[in-house]
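1. here is the input, now give the coordinates:
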Amino acid sequence: MRSIVSMILAAFAVAALDSSALAQTPAPATPPAPPSAGGTPDAMPFDIPYGTSIGADRAKQLMAAAEAEAKRRNWKMNIAVVDTNGELVLFVRMEGAQIASGPISIGKARTSARFRRESRAFYNVYETGHSYPGTLDPTLVASPGGFPLVENGKLIGAIGCSGGTGDQDAATCKAGADLMK
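-> Model prediction:
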């Protein structure tokens, strides 16, 4: 009987000593610093002034260059050109291009025109773990393949491509956007 009582007392002693492990851990003295916002630049980024929107004739030239690049590489693309407001001016779905990529190409062009930067910029932000671009505009497309069209230092529209990988889309559209330089 004495050994049973000794064992019970020993078990209570172990439980009492181990109960400190169940106590809450105190909070750190100073909270961790928030992530850097990148500082405050002196100049406004992506501050491209708006010009007169691209017309159908100029859009056809850019479209032809982008389509020629896609054909040269045997890529089937959807290509869209939009004006400064992001409204569609010209659209082509190449033979055999993925149907779902049509609205995506328009979305890339619209994103590029409305935000005055490559759509890849938003893709890069998501890739670094930040999800805030999704709160900016429900139609924003954060994927490579949208390029602003800048003529004489002014934004006149944008071009967007979709149907391949992001880099294939970007290479196709860059061929059209490069005509502006």
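
2. OK, contacts around K174?
-> Residues in contact with K174 (C-beta atoms under 8 Å, 6 or more residues apart in numbering) are F147. No exception for glycine: its C-beta is placed from N, CA and C like everyone else's.

3. mind checking the SS state of it?
-> Per DSSP: H, G, I helix; E, B strand; the rest coil, the secondary structure class of K174 is helix.

4. also A109?
-> Classified using three-state DSSP, A109 is helix.

5. so what's it closest to, chain neighbours aside?
-> Excluding its sequence neighbours, the residue lying closest to A109 (C-beta to C-beta, 6 or more residues apart in numbering) is G160, at 3.0 Å.

6. ok, now Y126?
-> Among residues not flanking Y126 along the chain, A142 sits closest, at 5.3 Å (C-beta to C-beta, 6+ apart).

7. pLDDT wise, what is the one you found at?
-> In this model, A142 is scored at 88, pLDDT.

8. could you say which helix or strand holds Y123?
-> Using DSSP states H and E, Y123 sits within helix 120-127.

9. I meant A68, not that one.
-> A68 belongs to helix 56-73, assigned by DSSP H and E.

10. direction included, what does the helix or strand just after that helix pair against?
-> Downstream of helix 56-73, the next assigned helix or strand under DSSP H and E is strand 78-82. Looking at strand 78-82 with DSSP bridges, its partner strands are strand 88-93 (antiparallel), strand 154-162 (antiparallel).

11. from the chain's centroid, how far away is strand 78-82?
-> Taking C-alpha atoms, centre = their mean, to the nearest Å, one finds strand 78-82 lying 18 Å from the centre of the chain it belongs to.

12. start the count at 654 instead of 1 going forward.
-> New numbering, starting at 654: the last item is strand 731-735.
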